[in-house]
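A.B. asks: here's a sequence, model it:
(one chain, ligands or ions: 1)
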Amino acid sequence: MLRDFFLGFIRIHILHHASREPVYGLWLIEELGHHGYTLSPGTLYPILHNLEKEELLQSFSKNVDGKIRKYYRTTAKGKKTLSEVKKKITILMEEITDDV
Ligand SMILES: [Zn+2]
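C.D. replies: Next comes the predicted model:
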């Protein structure tokens, strides 16, 4: 299923952004929307929770204008995973674009 591929892409996207600066759910939904991934909170939050359970993301709460917002940032383990994934993506890209 296409969905399985996209799930991987979305996970990489999240790790990438959260490694640069803390991100929150709504921001990610908009950002991923710009890249053509339509995500509902019901789809995104389980992905965030799984990444946190795998210790690739770490969450913290912050008070923003009187509302508690949950932010996520990529852990050291997440950054390591991300750089391994990037290498593999590069190799894969070279291979599949060569083939055209
Ligand atoms: Zn992005």
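
A.B. asks: now for the lengthiest helix in the chain, which elements pack on it?
C.D. replies: In the chain, with assignment by DSSP state H, the single longest helix is helix 76-98. Helix 76-98 is packed against helix 2-20, with contacts defined by 3 or more C-beta pairs under 8 Å, 6 or more residues apart in numbering; DSSP states H and E. (Each C-beta comes from the backbone N, C-alpha and C, glycine too.)

A.B. asks: got a list of contacts for the helix it packs on?
C.D. replies: 23, 28, 31-32, 35, 37, 39, 47-48, 51, 56-57, 72-74, 78-79, 81-82, 85, 89 (C-beta atoms under 8 Å, 6 or more residues apart in numbering).

A.B. asks: same thing with stretch 47-56?
C.D. replies: In contact with stretch 47-56 (C-beta under 8 Å, 6+ apart) are residues 7, 10-11, 14-15, 25, 28, 57-59, 72, 74-75, 77-78, 81.

A.B. asks: ok, the residue nearest the centre of the chain to Thr97 distance?
C.D. replies: Nearest to the centroid of the C-alpha atoms of the chain, with distances taken as C-alpha atoms, centre = their mean, sits Ile14, at 1.5 Å. Using C-beta to C-beta, to the nearest Å, Ile14 is found at 25 Å from Thr97.

A.B. asks: same question for Lys53.
C.D. replies: Applying C-beta to C-beta to Lys53 and Thr97 gives a distance of 34 Å.

A.B. asks: got the residues of this structure near the ion?
C.D. replies: Contacts of the chain with the ion, taken as C-beta under 5 Å from the ion, map to 13, 31.

A.B. asks: how about Val85, nearest residue that isn't a chain neighbour?
C.D. replies: Ile12 (5.8 Å; C-beta to C-beta, 6 or more residues apart in numbering).
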